[in-house]
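1. Okay, sequence plus prediction incoming.
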Amino acid sequence: MRRVLLILLWTSNLAQPYIPLAGEVQVLPPVNFTLTVSALGQVLLHWKPNPNQEHRNYTIRYDVKILSPVPEEYDTKRTYSIQSAALHNGFSAQLRTLLLHNSLQMSSEWVKEELPPLPGAPETSVTNLSCVTHISISSTVSLHCAWLPGQRAPGDTKYFLFYRYELYTEECQDYIQDKWQRNLECSFSVTHIDPEGLGKLLVIHINGSSKHAAIKPFQQLFDQNAIEKVNVPRNVTATLEQNDLLATWEKPISPLPKECFEYEFHLFNWKSGNKQTFKIPSNNFRSPIDVTSRYSIQVRANHHHICRARGVWSDWSEILSVGQTNLEDPTVWTVTVLCVSTCCAFLLVAIICKLNHVWSKLFPPIPTPSNKFRDLFPSDCERAPTCTSKTETMLSSFTEDLPCSVLDDFVF
C-alpha cells in the first residue's frame, strides 16, 4: 500500500509544469515610459514591454504607482493608463513589470517619470475655489464658480476660467468682477455636464495674465455629484389631523428617483419658541403637536448616499403655517409698530417746529388786501410819515378856545 502511494505521488509531480526559481528568471522593467498632458487635468501614461523579457508561461502585468499629487497604486495588463489630476504642482509616477504564475510573483525595478509644475510666480494663482452645479426644469445643468485672487497677484491680474467634462472643454464668457475689475466669479447657464452622470469628474482650470508677473495656473477636480445643489422640494403641504401634524411634499426636480433623496424638516412652535429639525428619509412627516399652538414648517433636500455622493443642501422651502391663528401674525405686529413709530416721529417733529417758530418761518401769514375806498381819502396821518401826540394836543386846545356859536356851525 505504501508503495502504491509513493508511485502516485511521483507521477503527480511529473505532471506539474516546471516552475523555475525566482533567481533563475530575470524580470526587466518596461521601456519608453512617458507622461503626456492629453487634456486639462489629464495625463497619459504610456510604456512598452521590455523586448528582452522572457515570457514562457508567465502572465505579465504592470504595477503603476502615482506619487503626486495624490498617491495611488494599481496594476494593469495594458501598456497605457489615463489619469485625471490637478497638474499645477506637477505630476510624478513610477512603473515596474510583474511576472505572475499561480502563487508565484516576481517584479522588476521601478522606472520613474515626472512632469514639472506649471510655470508662474508663487502665490499668484487663485485660492478658495468653490463650484456649484444646478439642474433646471429642462434637465440642463448650470455651473457657478467663485474664487479669491492670489496673495501676491498684481492688481492688474486678469483670471480666466475653463471647465472640462469628459472630452468637452469650454471657456467662461460671463464673469463677475470686483471693484478693481478682476474676475472673481464665473457662471455657465448651460453646460455639457450630464445630469445623470454618476461619479464623473469636473476639471476646473484657471489661468491669468498680468503686466507685472507671470500668473501661475490653478486646477481642481470636483465630483459632479458632490457639488450639485439639489432643488427645493415641491408642493409642500401641512394639515392637522386631530392632534397630529401631517406634512407631505414631492421630490426635487431631478432625474433621480424619490428613493435617492433625504430631507431635513424644520418645525417652529410660535407659542413656546421651540425650534426642532428632523432628519427624514421619506417625503412625509407626522408628529403629535399642541393643538393650542401655531406652527411653521420648512423642508430642504439632499442626495441619499445609497444613490450617489451627498451634494449641496437645497434652499429651504417657503414657510407654511398651521395651527391656532389667535396669535397675531408677526408681520402685523411689525407693521403696527412701524406705523406707531412713524406717527410719534411726526408728532415730535411738529412740537419741535412749534417751539422754535419754524412754522411761521416756513409758512408766513398772508397779507390782507387793502381797502380801495379808504385809499381815496387818505388822512393826514396816512400822508405824513408820522402823527405825533403834540399835534393832537394842539387841536384839542384850539377847539376849547372857540366860542360855542362857532362850534355850533361845525355841526351838520
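-> That came through, no problem.
2. Spatially nearest residue to the residue nearest the centre of the chain (excluding sequence neighbours)?
-> Nearest residue to the geometric centre of the chain (Cα atoms, centre = their mean): Val132, 6.6 Å. Using Cβ to Cβ, 6 or more residues apart in numbering and skipping the chain neighbours, the partner closest in space to Val132 is Lys229 (4.9 Å). Using the backbone N, CA and C atoms, a C-beta is placed for each residue, glycine as well.
3. In stretch 260-275, which residues are buried?
-> For stretch 260-275, the neighbour count (16 or more other Cβ atoms under 10 Å) marks 261-270 as buried.
4. tell me the two of those residues that are most distant?
-> Using Cβ to Cβ, those span at most 28.7 Å, a distance reached by Phe261 and Trp270.
5. can you pull out the helices in the stretch 151-300 of the chain?
-> Taking DSSP state H, counting those that start in this stretch as the criterion, the stretch 151-300 of the chain contains no helices.
6. Tell me, how many residues neighbour Val126?
-> Using other Cβ atoms under 10 Å, Val126 is surrounded by 26 other residues.
7. Cys145 is in contact with that one, correct?
-> No: using Cβ atoms under 8 Å, Val126 makes no contact with Cys145, being 9.7 Å away.
8. List the buried residues in the helix or strand the residue nearest to the centre of the chain falls within.
-> Assessed by DSSP states H and E, Val132 sits inside strand 127-135. Neighbour counts over strand 127-135 (16+ other Cβ under 10 Å) mark 129, 131, 133-135 as buried.
9. And for stretch 60-79?
-> By 16+ other Cβ under 10 Å, the buried positions in stretch 60-79 come out as 60-66.
10. with those residues in mind, which one is nearest to Tyr295?
-> Set against Tyr295, the nearest of those by Cβ to Cβ is Ile66 (54.2 Å).
11. how near is Thr239 to Trp249?
-> Counting by Cβ to Cβ, to the nearest Å, the separation of Thr239 from Trp249 is 12 Å.
12. Compare those two (neighbour count), which wins?
-> Neighbour count, other Cβ under 10 Å: between Thr239 and Trp249, Trp249 has more, with 23 against 10.
13. give me every residue that touches that one.
-> Contacts for Trp249 (Cβ atoms under 8 Å, 6 or more residues apart in numbering) come out as 233-237, 263, 283-284, 299, 317.
14. 7 Å instead, please
-> For Trp249, the contact set (Cβ atoms under 7 Å, 6 or more residues apart in numbering) comprises 233-236, 283, 299.
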